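**Q** give me a 3D structure for the following:
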Amino acid sequence: MFSVNVEREEILALEIRAVLAGLQMASSLGLVSIWMEVDSKSAADVINGKTKIPWRCFNRIQVIHQLLSQFHNWRITHIWREGNSVADFLSKRKCSCKGTDIPPFLSPPTLLHLLDTNRQGNEYCRL
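**A** Numbering: from 1, shown residues only. Prediction:
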């Protein structure tokens, strides 16, 4: 998990930037398989070749595909925001950080509770 403070940009470009950052982190960890769930159906469709790549995202999509080729198995799928409580929490959090990392030992208690809820497979009600 990570959160980053970003400049104003179109939402699809931001979602694709987040996928790229996540893949770069996964690659640096030496992972060989990855299943990334994104709450942007548009981003998932563009990356999976189901829709045309907007010109402003073309370079990032090319880098994403290069990174994906490093994994033996990969999957990028859409999940409703309600299905990913941690991403929902992080997207609402005001981030004044300069980096992109939230070490687990610095995680707010609410986030730790959501991680525990996810791990146990409990239902998440978004209010």
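**Q** in the protein, which spans are strands?
**A** 33-38, 73-78 (DSSP state E).
**Q** residue 56 is nearest to which of those strands?
**A** Distance to residue 56, taken as Cβ to Cβ, is lowest for strand 33-38 among these, at 18.0 Å. (Glycine included, C-beta is placed from N, CA and C.)
**Q** in that closest one, which residues are buried?
**A** Within strand 33-38, the residues that qualify as buried by neighbour count (16 or more other Cβ atoms under 10 Å) are 34, 36, 38.
**Q** reformat these as TSV; add distance to residue 25 and pLDDT.
**A** Shown next, in TSV, are those (distance: Cβ to Cβ, whole Å; pLDDT from 0 to 100):
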residue	distance to residue 25	pLDDT
34	10	93
36	11	90
38	15	88
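**Q** so where's this protein shaky on pLDDT?
**A** 1-6, 92-107, 124-127 (pLDDT under 70).
**Q** returning to that earlier point: in TSV, list the strands of the chain along with distance to residue 89.
**A** Shown next, in TSV, are these (distance: least, Cβ to Cβ, whole Å):
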stretch	distance to residue 89
strand 33-38	15
strand 73-78	19
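**Q** which one of these lies nearest to residue 109?
**A** Among the strands of the chain, strand 33-38 comes nearest to residue 109, with 24.0 Å by Cβ to Cβ.
**Q** quick one, what contacts residue 57?
**A** 12, 13, 16, 46 (Cβ atoms under 8 Å, 6 or more residues apart in numbering).
**Q** apart from its chain neighbours, what residue comes closest to the first one?
**A** What it means is residue 12. Using Cβ to Cβ, 6 or more residues apart in numbering and skipping residues adjacent in sequence, the residue nearest residue 12 is residue 42, 5.3 Å away.
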